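J.: return a 3D structure for these sequence lines:
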Amino acid sequence: AGFADPRLVEDAPITVANPALEEKLCGIRFYSATYRLFKLPGRLEADCEDYGQAVVYKGTLPGRAAAFDLDSHHHIEAGKVCPVCGN
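T.: Next up, the predicted model:
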């Protein structure tokens, strides 16, 4: 509730370094996930559609001069055109 289009930035499995606990978990797996969330009520489209929209990242974020990862499938290189949807 509140975040209409969560963006998964990265995820990784979490290991349980305790054999006794692993046995009790019966194969249950755990993951760490980092999301980028924007609260934009009423401003996002229901579906991601290609209308020819694009962005150009200027490389101005500290530590991210060469590229910016919006999420796990949007790697935006500085100075290059990157196609995006309205969301």
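J.: show me the shaky parts of this structure.
T.: Counting by pLDDT under 70, the ranges of the chain that qualify are 1, 87.
J.: quick one, helices of the protein?
T.: Remark: helices of the chain, listed N- to C-terminal, are 19-25; assignment by DSSP state H.
J.: next one: stretch 6-24 to chain centre, how far?
T.: The gap between the average C-alpha position of stretch 6-24 and the chain average comes to 19 Å, counting by Cα atoms, centre = their mean, to the nearest Å.
J.: please, where are all the strands along the chain?
T.: With DSSP state E as the criterion, the chain has strands at 7-14, 30-36, 54-56, 67-71, 74-77, 81-83.
J.: show me the contacts for residue 57.
T.: When contacts are counted by Cβ atoms under 8 Å, 6 or more residues apart in numbering, residue 57 is found next to 67-68, 76-80, 82. Using the backbone N, CA and C atoms, a C-beta is placed for each residue, glycine as well.
J.: at 10 Å instead, please
T.: Contact analysis of residue 57 by Cβ atoms under 10 Å, 6 or more residues apart in numbering lists 64-68, 70, 75-82.
J.: neighbours of residue 34, how many?
T.: Around residue 34 sit 12 other residues, with neighbours defined as other Cβ atoms under 10 Å.
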